[in-house]
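**Q** Sequence first, predicted coordinates after that:
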Amino acid sequence: MRLNNLSFFNAKSTFILAFSAFTLLVACRTALAQSDLKFWYKQPARNWNEALPIGNGRIGAMVFGRVDEELIQLNEETLWSGGPVNTNPNPNAKNYLPLIRTAIANEDYKLAEELTQKMQGIFTESYEPLGDLIIKQQFEGQPTAYKRDLDISNALSSTTFTVAGVEYSREIFISAPDQVMMVKLKASKKGALNFTAATQSPLYYNNVVIAQNQVAMKGQAPAHTDPSYMQTMEQPVIYNDPSKCKGMRFELRMKVKESDGKTVADAQGLHVSGATEVVLVLSAATSFNGFDKCPDKEGKDESQIAEKYLTAAQAKTYDALKGDHIADYHKFFNRVSLVINGNPKTELPMDERLKAYAEGAKDAGLESLYFQFGRYLLISSSRPGGIPANLQGIWNREVRPPWSSNFTTNINTQMNYWMVETANLPELHTPLIALIGNMATTGKETAKNFYGAKGWTLNHNSDIWATTNPVSGSPSWANWPVGGAWLCQHLWEHYQFSGDKEYLSKTAYPLMKSAAEFCVDWLIEDKNGKLITAPSTTPENIFLTEKGFKGSVSVATTMDMAIIWDLFTNMIEASERLGTDTEFRQMLIEKRAKLFPMQIGKKGNLQEWYKDWEDVEPEHRHISHLFGLFPGRQISPLTTPKFAEASRKTMELRGDGGTGWSKGWKINVWARLLDGNHAYKLIREQLKLTGVEGTNYANGGGTYPNLLDAHPPFQIDGNFGGTSGITEMLLQSHDGLINILPAIPDNWTSGEVKGMKARGGFELDIAWANGKITQLVVRSKLGGSCRIGVPGNLKAASKVTLKAAKGENSNAFYKNIQPVPGGTAIVKAGKVAFDFPTEAGKEYVFKGK
Ligand code: FUC
């Protein structure tokens, strides 16, 4: 609904602000540095959940920091089982569609469930580990003064200890510009370094000597790996596909780059003796050559690629490699800094710090570190030209990892990227965008073969081969063809933040349009003329009918309709922005108006199903029906207060429990409900130290000693979701204005965040104290009117007229969504909304008053 008057914002007058708009190109900003971004431990990692992750997007490592047998577990992001996907594994699938629809129309949900299972295909493949680097070092005596740390402000890991009066150190990093992993070992006494560096893999492999100071580990990935939850009598991991179209090759190279000692190489590894300082360099590659190429016979020459990186690194000094690595990392990391309550310092190692926090200690520094750790992890696992961060980012040690360590697209993959634009890392979005492009290719086949529909579709998970079909298993998760439509939100948001029209027209729009075409075909009319999806599920929840049947297949789940509403709305705006496709746009406007509507249930909650059924598991970890509130924009306390209130009720009924990513999601939702204190409560719960290994839903959630999120098991989405939640507490820009500090908890009495992004190409620095802005800086990349909602009043600084916000936001990126009277939460928070004009490339400074 549109309104001409924003008087409820409580903005009384027009403010003419004095001075100093100065031109400053956003790109040329001084690097921001945030201290306190190193965390450490007094002892080596006892298990994987204590080891520390490093990575350059492609190569990943978990550093255990062990003294006499250092373990560094390695990954390469393209190393997956399998090969190009069969897009028609179940040619009969679509024949069941009319039968399912009849069963649902007859309200025979049992039959519908059974028939829906016939519309299923094959499982995805698995992300595989590369292997281990083991450094065996001989010592006489026990280590003292042990310390290992991870410095996320420089992406460096180090381990130091003393044995028999000799200080030893190891410094490790993985460089993106040079595509190598560097390990520098040092001893304080001349000639005291004696070690063997060996490599091994849980996959098929063979170690060979390349030169006196260089070895290679050559291996092959499985042709197929069954998901870990599949229990059949058959071989779960199969090697050697005779067609050479499955099972990629890989190679790891390791070389002594610099040493003042002696090196000998054999099949056991590199043996170094009598050295004081040694630099090892490692490189890795696979034969993966694209989602649609046979990885063996059409594969890349992995050996040549690994060799090329090693040779290039040889020409540079260790210090030059390190300097370039840090400079490259800073380019991303230093764009955003966050200080909460002054980031109070602590002397505690991370495991003890987490324990103290779980026991109730205040540690705002840990909260801001956790925010930055999410950014660190994404920079380390998702680089342009590469593969997106999977369920474990790029860090996996198992041949059959939990849920195949794949791309689970009914929440998890999207959660990985929720913060990428707001936390100023837009380039890191591109691997996901590229994968969406691949999914659209296979997804067109899935749309045709499984649904007899146009366009492209994706179900609840995928892999490096861009699998899109419904996998086998319970329809509650397997049959869910709106995964592609959801991912299209990422295509749109990448434009919303950058304003890059060429990207919108060439990349995003065609993919969005094709996904919308699928949805148009997939929707059918119900007897009242509403458009519904059928069959329809809502991940991964089960309803209980009046007759006591427990099922998952019905029609028009709230999430289905919300995702389609989101895609249609984004498409409508995209075609307006591009000035194209008038007829298609009109058709979408008409269809959107007929979508089965959101409903409020008898408990005052937002209904999850088309009927007001009970949940079999009322505290289920998924909160799919709240898609419209987050990550969507159909519901907001400002624009649809009634549905926002129903969403709040739903959240109360679901409770604050849940596994790792579920809590991450809930932080975002409470922030969107503008309830900072509730969001904060969940941050504290998410940071609760856990040692729980294995899969455990009941006792779920928490953070491992290495700061990685526990589903359990480890799943990286919770980390990224947590970072996103904090961004949503600091800044929102989805519902008609830039809402500054929309959900600051009482505990964050003061703070400063720099470099956050808002839609329409704005970048903001926000400083606050006692719930009021002290300084606000807005940098405009694209120009245009800027509408801000701020707690308290603003005064002076730039030569710009600050007017009370009125009527429609004229900025194209904020059009079509207008606050309504009754959308009062912002007023309750004492907010004032202003408009001011901006010019591209200029910076505007305001002070609180
Ligand atoms: C979804 C979740 C599971 C798990 C899996 C990877 O299916 O429901 O809990 O996180 O993704």
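**A** Yep, it's here. Numbering: from 1, shown residues only.
**Q** what's the neighbour count on the residue in the stretch 51-200 of the chain positioned nearest to the ligand?
**A** Closest residue of the stretch 51-200 of the chain to the ligand, Cβ to the nearest ligand atom: Thr124 (11.0 Å). For the C-beta atoms, the positions are set from N, CA and C on the backbone; glycine is no exception. Number of residues near Thr124 (other Cβ atoms under 10 Å) recorded here: 28.
**Q** can you check Thr317 too?
**A** Neighbour number of Thr317 under other Cβ under 10 Å is 11.
**Q** gap between it and Val281?
**A** From Thr317 across to Val281, the span is 12 Å (Cβ to Cβ, to the nearest Å).
**Q** roughly how far out does stretch 125-141 sit from the chain middle?
**A** The chain centre lies 27 Å from the centre of stretch 125-141; the measure is Cα atoms, centre = their mean, to the nearest Å.
**Q** Quote the end-to-end distance of it.
**A** Its start and end residues considered, stretch 125-141 measures 47 Å (Cα to Cα, to the nearest Å).
**Q** try stretch 610-628
**A** 16 Å.
**Q** list the buried ones in that stretch?
**A** Residues Tyr610, Trp613, Asp615, His620, Arg621, His622, Ile623, Ser624, His625, Leu626, Phe627, Gly628 are the ones in stretch 610-628 that count as buried (16 or more other Cβ atoms under 10 Å).
**Q** Torsion angles phi and psi at the second one?
**A** If I follow you right, that is Trp613. Torsion angles at Trp613 (phi, psi; degrees, to the nearest 10) stand at phi -80, psi 160.
**Q** Now do it, the pLDDT please.
**A** With respect to pLDDT, Trp613 scores 98.
**Q** Just the pLDDT at the nearest residue to it once chain neighbours are set aside, thanks.
**A** Nearest residue to Trp613 in three dimensions, chain neighbours excluded: Phe543, at 4.1 Å (Cβ to Cβ, 6 or more residues apart in numbering). At Phe543, the model reports a pLDDT of 98.
**Q** check contacts around Phe543.
**A** Lys550, Gly551, Ser552, Ser554, Glu608, Trp609, Lys611, Trp613, Glu614, Asp615, Val616 (Cβ atoms under 8 Å, 6 or more residues apart in numbering).
**Q** for those residues, which one is nearest Ile532?
**A** Taking Cβ to Cβ as the measure, Ile532 sits nearest to Ser554 out of the contacts of Phe543, at 9.5 Å.
**Q** In the sheet, which residues pair with that closest one? Tell me.
**A** Ser536 (DSSP bridges).
**Q** Let me see the contact set for it.
**A** Ile104, Tyr109, Ala112, Ala534, Pro535, Ser536, Thr537, Phe543, Trp609, Tyr610, Lys611.
**Q** So which of the residues you listed is surrounded by the most neighbours?
**A** Thr537 (32 neighbours).
**Q** Spatially nearest residue to that one (excluding sequence neighbours)?
**A** Ser552 (4.9 Å).
**Q** Ok, Arg383 next?
**A** Per Cβ to Cβ, 6+ apart, closest to Arg383 is Gly57, 2.8 Å.
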